Every structure is written in structure tokens, then in C-alpha cells.
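Engineer: Take a look and give me a structure for this.
(one chain, ligands or ions: 1)
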Amino acid sequence: MNCVVSLRNVCVQLMFVLAVILNVSVAVSAGADQQDMDKYVSDLLAKMSVSEKIGQLNQLTIGFDVTGPRVSSDVEAKIKSGKVGSVLNTCTVNAVSKLQDMAVKESRLGIPILFGYDVIHGYRTIFPIPLAIASSWDMAAIEKSAQIAALESSADGLNWTFSPMVDIARDPRWGRISEGAGEDSYLGSRVAEAMVRGYQGSDLGDKETILACIKHFGLYGAAIAGRDYNTVDMSRLQMYEDYFPPYKAAVEAGAATVMSSFNDINGIPATANKWLLTDLLRSEWGFDGFVVTDYNAIAEMIEHGFVADGYHGAQQAIKAGVDMDMVDECMLNNLETLVREGKVSMAQIDQACRRILEAKYKLGLFADPYRYLDPERAGKEIFKAESREFARQMARESFVLLKNNDNVLPLARDKKIALVGPLAKSNWDMLGCWSAAGRGEDCVSVYDGIKNLLGGDDNLIFAHGADITDDQLLIDRLGGQVHRDGRSAEDMIAEAVSAADKADIVVAVVGEQGNMCGEAKSRSDISIPATQQRLLKTLKRTGKPLVIVLMNGRPMTLEWEDTNADAILETWFAGVEGGNAVADVLYGDYNPSGKLTATFPRNAGQIPIYYNHKNTGRPMSPGGGSFYRSAYLDVVNEPLYPFGYGLSYTIFNYSKISLSSSTLNSNGKIEATVTVKNVGKRAGTEVVQMYIRDMTASVTPAVKRLKGYKRVSLEAGESREVTFDITVQDLKFYNSELDYIAESGKFKVYIGTNSYDCGESEFVLE
Ligand code: NOJ
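Structural biologist: Residues are numbered from 1 along each chain as shown. Have a look, this model is predicted:
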């Protein structure tokens, strides 16, 4: 074996030398083992000049989707002189090939480039936004959506996605809550693992897989006041307990790269945070891939007031554990000087460069730099009918039925519908934020989806009803990109009322425009914009049943809507098949099963609001009285819709919880069982949720923490026993020394349909 390995290494070496002489790409076979890789990379490093090594740490942008104040210049010249390790924002086989050719054929060592892109919820086949797909609680489906995204993007020349975003978010003012899995660390961890598996598969050498990137490390979702890029100030305990688990889970799932975040953490920017990027990420969690900064993040440490210039920024970043610099070129421009001056060691540069070369090696780029550039693949793999069909299923699963009085839904096919609202005929908004190669014209609007389902528009009367907003500040902040109908508000509302008068039922498609979520899209008021609220209030006065179909990228405040609408269906931004999926659910061809993964507050003053809060010494609990309690004078503590909430067209009854034992020892397990029965008239899927509460602990515990869930599909009248195993692992928490331990004592277990409506039982850990 050793002989074979070394013979192969000799061959690889010879090929490399030959390649360099002939100025063609360096070739080795993909999928070789660790030893081969170490040898290959060491040999390559030995041939590289300091400047070529630093070049590998440099990522430039070329093309589109610029997300910062800087755009790269002289990209081609830099590639040819070995100053670029990776490029972002370029795709299609043609465009990527052009750049890869420059690197492989015109740079001295011919080292291939990594091509990264924000493939966040699909590439051309756009799936619902991440917050939506998390609401399916269906990890197999989530994994498949990432796998299709990898298949399509790799067919278009890419080999690296900046996804999954696993930041826990408890603040819906933050526009980027749409890009993650919501507020819970347990569920967020499962989603993170599923996405990494989906993108990377089991072999990065397979050309249908791409590198995943865990972002934004770390704690980016805890930006103060929900204002994007803002400071994070947090105790270590809270980090470990509530915010770190999804990052750690994604590392353990084998994610190849990590992105350092824009924010500072307790005074130190994440991008210069050695404790975060090295001590925790590498030493404690064992991450062995490479760390890329977020866009321009080293340079932004100047604005943070942390460093005076790019020279000090580069020094701090590499020392902290950053390997690749996204776009600002602080490393490119300063590391050589820093090495010369002895302020950064050559060993540090070598280490960062090695990690990047290893990723290229694992992808098989040294074996064949063009392996993602097969001109045949794009036509075959991108936007396949079966991927679209899957996008429709994913969308249906992600919808959350928030209200359904008197079974107003599902709709009967023979009823006349007034389909009203600025989002009803929009296909472009279905894309939501980060739509990669997605196209508005690929997407099915709600109007077209209903028309497809009904086989025509005889029972459909459309009215635009209102513009998304007339708030000039909002319009300006969106760069003027808000669709306006052009008519006066009065004319639009009058048309909507006339449509309602002629119809049996009103379906209003309202909410946020697709570009109102995502990066730099924080809102202080998370209600439906006023123009649309006026429309809803007028429609209500017509006396016709009112169904609201929401399109939006964050939890919203919906008190009026909850009180006044007959039904509310949360559809997020549902992707290419959005309209068809909405029609499937509105007309009962699919029974909704989604459950919220982020709490919907009653008003913005309740934020941050999340289910796994602590109890306080003066909880506002029944029987506790109402004076001098942890409460507001003007609103109850409970949210409008809690974490885990979502209705169905059928009804699921839960039995009492039965425990296999009332005591648990450290090696044992308890089985907690409920019988769930579908007592309604149609088949449905229920997400059965299990929560645990530690009644007394050396660190004040949360009132409840999700520890398990099961998706159960039941025919009408069918019942099923659902059992959760509880072991000591589920009872662990971080104590004040940050040891992960369980303490003996009493625990409560809750099983139910959401985080508030649960049965309960208790046991003792001995
Ligand atoms: C900035 C965003 O924060 C990050 O999520 C994204 O991956 C990069 N820009 C690259 O576009």
C-alpha cells in the first residue's frame, strides 16, 4: 500500500512539474486519502513564493450581487499573477471557465480557483426562503433542497456556497431572520446538519457536491435592536446554551468552511476574535476547514474603531484564525510586509494557505480544474421538472396555517373568489431574498396558481387593491425598487371593494415585498405596511369572509389581522412553485402542516420574545397575581403565535403523557409516550413536539426547551403512539464554569402541538 501511495505521489509530483513547465493545470486524481493530500499540498507549498501563498488567501468579486461598499478591480491581472485564491459572484460555465483558464493556464503555478456564490435557498430552482423551509420541520426535505441547490450550482461552474446561515435569531426586526432557521438551537442544529449534508454529500470529490459555509460566525443574529451589522454583547453562558449549538452541529456535520461575521462580540470584532475563530472553533470543536471573512469585514474593523488601517486589520485577522479575506484585499496588500517585519509568521501564512489548498484538493480541482465546467451539465441538471415538483412540495410543507375560523379554508372550487392585494399577481416576489440564478419569470404567482388549479379564471376576480407601501423612507431605503400601480389609493381600494361585492369570499395576498427581507433589511415596525392595512380594513367592512395569504420574510405583528380575518395562511416567500403550492393548500389538495420556528409577537415592544425564556423570580403566571410581576402594563406576555404553532385542516387529539419510569439514572432512558389521534375528517401531518424543563439547577433554567419532535402522518380516524427517548444527554446544560452537565433533581416533560399547548408529566434524575 505504502509503495502504491508513494509511487502515486512520485507520479503526482512529476505531473505537477510537467504541468508547470508546460504551463497547464496540475493534475491528481480526486478522492485520494489524507496522506496523499498532505504530501500534495506540502509539495505545492514548497514551490510557492510568499506572494503566491498570500494570493491564495485573497477572494475577489466579479460580476454582480455586490453586498458591500467595495468592488474588486483588475481581477484578471491579479488572477494571472497568482494573487487570487477564490472569486465570488461569478457563475455560468462560460464566465467561470474564462477565469479558471487564466488561473490554470496563465498563472505561474496554475493553481485553480474556488468559485463561491450565495446559493441560499436554491440556485435556479428557488425553494422557499430558509425560515420557511425550517417551518416544515422536515429534515429529509431540507437536505434534498440543499442537494438540488448543489447539483444546479455545480452544473453552472460553482463549487462553494455561502450557506447555511445558522444564526439563531430572536428578533424579527432583523431582516436576516429570513435566512436562518429561527429562534431555537435544537431545531436550528438539525437544520444546519441537514443543509451541510445536502450541499456536501458524503464526498466532496463528487462533482455534484459543493463546499458548504457555516455563517455568520458568530452570534450575528443577536445584533442589538435587530439593526443589521450591530454590536453583540452577550454572556458566555448564553452563547453556549442558546446561540452556539447550530454552528457546532454544522462543524460536526463536516462543513468545509466557516464565515466570520461582521459584528463585534463583547468588544472584539468576530473577524479578529482569536477566542472565537481558533480557541473555540478549532481547538474546542475540531473544525479543520478554512475560515473566510464576510464581505469587506477586515477593512470594516477600521469603522468599528478596532484597528487604524488595513495593515493592522490583516495582522489581527490572520492571528485570530482567518484564512481567506473576502474582497477588501487587506491581506493581499499587507501580509507580505507583515511577514517581512516579523509581525506575522510564515507558519501562519502557510497554515492558512494549506487549508485553502486542501479544500481545492478535496473538491478534486487539482485533479481536474474544469470538473465543474462541463458544458453539457447545465442544460441537463438545472431547473429540471422533478426539481420544480419538489420545490412545490417543499413550499406546501413550509406554509403555516395561523387561523381558520369555522373551517373557512379549504375553499370550495365553485365559489367566486375576489383575489386582492399587491402581491397576488406578483411572481418576482416569490423569490424573496438571495435568489442566486432565480428568475421572476420562472415563478408562479398566487393568481396563476389558483387559475392553474381551477383550470381557468371564471371564478377569479382580481384587484390590485393597494401598493405595497407609500412610505417614502422605506421606498428610498429599498433603492426605489417598490412596485407602484400608478393609480390613486382610493381608486385601487374602490376596485377591490367592487371585486369583493361580486365574490363569495375575499382572498387578500398581502405582506412584504420580496426585497424587504434579508441583508440590511431591518424594520422597526414589523406590521403589514399601512397601505395594505387600509385595504384589509376596507375589505373587512364588505362583510365577505376574509382570508389573508401572507407573503413575508419575518414574523410580523398581526393583532388586527388575527382578530378580524377568518383565516390566515403564512406562505413566506415560497419560491418558483409558490403560487401552485398556495393554491394546493387553499383548496385543500394539501393539508397544511408547517409550524413556526420563530415567535410572532403581538407588538414590536415585546421583542425580543422567544419561547425558551427564563422564569424570573416574579413570573406572570396564573395564580401569581398581577402586581409587581414580570409583565407589561399594556400587553400580555404571551406572543400572538408561539414557537411551534401551526394549525391543520384536521384536528389532532393528544392523550396524557405516559412515562416508562418516574426516575432516570445517568445511563438509563425514559420513554415518554403519547397517543396522537386524528379526530378530524381528512388525513394530515402533525409535528409532535417534546420539551423539557429543569425545575431547579445551578444556573437558572429556561421554562422549556425543545428536545425532540416527530412528524406523524395520520389518516382521518387513525391514531399512533409517539414515543420519545429521554436520556441524561437531554438534561444537560452549561453551568457557570461552562461545563456541559446534568444535575440530579426534578424535570418536567411536555409533549404537544406547539410550545404552549402541551400535556405535562415529571420525573426525577437520580
Ligand atoms: C455579505 C453577507 O453578510 C454574507 O452572508 C454573504 O455571503 C456575503 N456578503 C457574500 O455575498
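Engineer: Just give the nearest non-adjacent residue to residue 629, would you?
Structural biologist: Take residue 629 and drop its neighbours on the chain: the residue closest to it by CB to CB, 6 or more residues apart in numbering is residue 620, 4.4 Å away. Where C-beta positions appear, they are placed from N, C-alpha and C, glycine not excepted.
Engineer: I'd like to know how far that neighbour sits from the ligand.
Structural biologist: Separation of residue 620 from the ligand (CB to the nearest ligand atom, to the nearest Å): 38 Å.
Engineer: Residue 682 now?
Structural biologist: Separation of residue 682 from the ligand (CB to the nearest ligand atom): 41 Å.
Engineer: residues in contact with that residue?
Structural biologist: With contacts defined as CB atoms under 8 Å, 6 or more residues apart in numbering, residue 682 is in contact with 588, 591, 649-650, 716.
Engineer: and the spatially most central residue of the chain, how far is that from the ligand?
Structural biologist: Computing the C-alpha centroid of the chain and ranking residues by CA atoms, centre = their mean puts residue 180 first, at 2.9 Å. Residue 180 sits 11 Å away from the ligand, going by CB to the nearest ligand atom.
Engineer: wouldn't that residue be in contact with residue 131 here?
Structural biologist: Yes - the pair residue 180 and residue 131 qualifies as a contact (CB atoms under 8 Å) at a distance of 6.6 Å.
Engineer: quick one: secondary structure of the residue nearest to residue 629?
Structural biologist: Going by DSSP: H, G, I helix; E, B strand; the rest coil, the secondary structure assigned to residue 620 is coil.
Engineer: Tell me the strands beside the helix or strand containing residue 674, with direction?
Structural biologist: Applying DSSP states H and E as the criterion places residue 674 in strand 669-678. In its sheet, strand 669-678 lies beside strand 652-654 (antiparallel), strand 658-659 (antiparallel), strand 719-727 (antiparallel), with partners assigned from DSSP bridges.
Engineer: Pull the residues that contact it.
Structural biologist: 650-661, 664, 684, 686, 688, 690, 712, 714-727, 749, 751, 759, 761, 763.
Engineer: what does this structure put close to the ligand?
Structural biologist: Contact residues (CB under 6 Å from any ligand atom) of the chain with the ligand: 67, 88, 118, 162, 215, 294-295, 519.
Engineer: biggest separation within the residues you listed, which pair?
Structural biologist: Pairwise distances among these were taken by CB to CB; the largest, 14.4 Å, belongs to 88 and 519.
Engineer: what about the two, which has more around it?
Structural biologist: residue 88 (26 against 19; other CB atoms under 10 Å).
Engineer: Now for the more buried one: which residues touch it?
Structural biologist: Contacts here follow CB under 8 Å, 6+ apart; on that basis residue 88 touches 59-61, 115-117, 162, 326-327.
Engineer: So what pairs up with it in the strands?
Structural biologist: The bridge-partner assignment for residue 88, based on DSSP bridges, gives residue 61, residue 116.
Engineer: What separation do you get for it and residue 70?
Structural biologist: In this structure, residue 88 lies at 12 Å from residue 70, with CB to CB, to the nearest Å as the measure.
Engineer: Please identify every residue contacting each of those two.
Structural biologist: When contacts are counted by CB under 8 Å, 6+ apart, the set common to residue 88 and residue 70 consists of residue 327.
Engineer: Show me where the stretch 551-700 of the chain has its strands.
Structural biologist: Residue ranges of the strands in the stretch 551-700 of the chain, as given by DSSP state E, counting those that start in this stretch, are 567-570, 652-654, 658-659, 663-664, 669-678, 684-694.
Engineer: Note down every partner strand of the first one and its orientation.
Structural biologist: On the basis of DSSP bridges, the sheet neighbours of strand 567-570 come out as strand 400-404 (antiparallel), strand 546-551 (parallel).
Engineer: And for the last one?
Structural biologist: Take DSSP bridges as the rule and strand 684-694 pairs in its sheet with strand 705-714 (antiparallel), strand 745-752 (antiparallel).
Engineer: quick one: residue 708 and the ligand, what's the gap?
Structural biologist: With the distance defined as CB to the nearest ligand atom, residue 708 ends up 31 Å from the ligand.
Engineer: unless I'm mixing things up, that residue is touching residue 724, no?
Structural biologist: Yes - under the criterion of CB under 8 Å, residue 708 lies in contact with residue 724, with a separation of 4.6 Å.
Engineer: which residues are common contacts for those two?
Structural biologist: With contacts taken as CB under 8 Å, 6+ apart, the residues that reach both residue 708 and residue 724 are residue 690.
Engineer: Between those two, tell me which one has more neighbours.
Structural biologist: Applying other CB under 10 Å to residue 708 and residue 724 shows that residue 724 carries more neighbours, namely 22 against 19.
Engineer: Tell me who's in contact with that one.
Structural biologist: The neighbourhood of residue 724, defined by CB under 8 Å, 6+ apart, consists of 671-673, 690, 707-708, 710, 751.
Engineer: from the stretch 651-766 of the chain, which residue is nearest to the ligand?
Structural biologist: Evaluated by CB to the nearest ligand atom, the stretch 651-766 of the chain has residue 706 as its residue closest to the ligand, separated by 26.1 Å.
Engineer: Which residue comes closest to that residue once chain neighbours are left out?
Structural biologist: The shortest distance from residue 706 to any residue other than its chain neighbours is 4.6 Å, reached at residue 186 (CB to CB, 6+ apart).
Engineer: which is the next helix or strand following the one helix or strand residue 316 maps to?
Structural biologist: In this assignment (DSSP H and E), residue 316 forms part of helix 310-320. Past helix 310-320, heading to the C-terminal end, the next element that is a helix or strand (DSSP H and E) is strand 325-326.
Engineer: Mind listing residues that contact that following strand?
Structural biologist: Outside strand 325-326, the residues touching it (CB under 8 Å, 6+ apart) are 57-59, 88, 259, 292-298, 314, 317, 331-332.
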